[in-house]
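> I'll drop the sequence and a predicted model, then ask my questions.
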Amino acid sequence: MKDMQLLHKGKVYQGQVCYEGSDLMEVSFDESSAFESGESVICFNFQERIQMRVLQVSKTKLILVPADSEIFKIEAQPGKHYDMYRDEDKTFASFKLNMFGTLNDDFKIFPVRYCSVSRLGFGFEVNDFTVKMNHVYDSMIICEEETIHPRLVVRYAHIREHTIRYGAEIHSISSSDLNKLRYYLVAQQFLENSV
């Protein structure tokens, strides 16, 4: 393991890098309780200096990702509405998903398959036309053993051969659910890259 120093809120912490990849770094040391998810950290040693953000904190380890990682741009953006048809020249990184969950509207529950997420929101598939456009839904998404509960606003639909693909902006999401989602995305990328 190589030594790494972390500068956080004016204090330098000593740690050892357990794993280092292009989009993930795991650092172990004794004082991780001073860190919180989403905070900025500068990692440095004699060869390099990298701006990172804290993804997950445990008692003895930190999971860090690059500060400019696209996963930190996934968040609720109720004031920012992208016009999917006029803004075709804008492209954003998308993460593929294969997760199941539900959309809830009053007392109706629709099962859906979530197939992607980006800073624009979630893409999901349903087999019928029961989903209303520009409507706010409570949702439940299964991320491994965890569930998250964002509120989504459905903005577009695309009819495919066997299903209908919808796109929904994130209207609101709790910070703990956002951290669970970000950690899930990075863990999935790590598993895909290590196979």
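Arrived safely, thanks for sending. Just so it is clear, the structure is predicted and the values come from calculations on it, not from any experiment.

> hey, what's Gly101 bridged with?
Beta bridges link Gly101 to Val112, Ile141 when assigned by DSSP bridges.

> how far away is it from Ile173?
Distance, Gly101 to Ile173, by C-beta to C-beta, to the nearest Å: 13 Å. For every residue, glycine as well, the C-beta is placed using N, CA and C.

> so between the two, which is more surrounded?
Legend: neighbour count by other C-beta atoms under 10 Å for Gly101 and Ile173, higher for Gly101 (22 against 19).

> wait, doesn't the more buried one sit right on Ile141?
Yes: using C-beta atoms under 8 Å, Gly101 is in contact with Ile141, at 3.9 Å.

> between those two, which contacts overlap?
Tyr114, Thr147 (C-beta atoms under 8 Å, 6 or more residues apart in numbering).

> next one: phi and psi at the residue of the chain most remote from its centre?
For the chain, the largest distance from the centre (C-alpha atoms, centre = their mean) belongs to Phe46, which lies 31.6 Å off. Backbone geometry at Phe46, expressed as degrees, to the nearest 10, gives phi -70, psi -20.

> what do you get for Tyr184?
Here is the backbone geometry of Tyr184 (degrees, to the nearest 10): phi -60, psi -40.

> all the strands of this protein, residue numbers only.
2-8, 11-20, 25-28, 40-44, 49-57, 61-66, 94-105, 108-118, 121-126, 136-143, 146-148, 151-159, 164-172 (DSSP state E).

> packing partners of the longest one?
What it means is strand 94-105. Where contact means 3 or more C-beta pairs under 8 Å, 6 or more residues apart in numbering; DSSP states H and E, strand 94-105 is packed against strand 108-118, strand 121-126, strand 136-143, helix 175-194.

> tell me where this protein is predicted with low confidence.
By pLDDT under 70, the low-scoring segments of the chain are 31-33, 78-90, 193-195.

> where's Ser69 relative to Leu152, distance?
Using C-beta to C-beta, Ser69 is found at 22 Å from Leu152.

> would you mind writing the CA trace of stretch 4-15 as PDB?
Extracted in PDB, the C-alpha atoms of stretch 4-15 (Å, rounded to 0.1, in the frame of the first residue of the first chain):
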ATOM      1  CA  MET A   4      -1.300   9.200   0.900                       C
ATOM      2  CA  GLN A   5      -2.000  12.500   2.800                       C
ATOM      3  CA  LEU A   6      -5.400  14.000   2.800                       C
ATOM      4  CA  LEU A   7      -6.000  17.700   3.300                       C
ATOM      5  CA  HIS A   8      -9.500  18.300   4.700                       C
ATOM      6  CA  LYS A   9     -10.700  21.600   6.200                       C
ATOM      7  CA  GLY A  10      -7.200  22.700   6.900                       C
ATOM      8  CA  LYS A  11      -6.000  19.500   8.600                       C
ATOM      9  CA  VAL A  12      -3.800  16.900   7.100                       C
ATOM     10  CA  TYR A  13      -4.600  13.200   7.700                       C
ATOM     11  CA  GLN A  14      -2.200  10.300   7.000                       C
ATOM     12  CA  GLY A  15      -3.500   7.300   5.200                       C
END
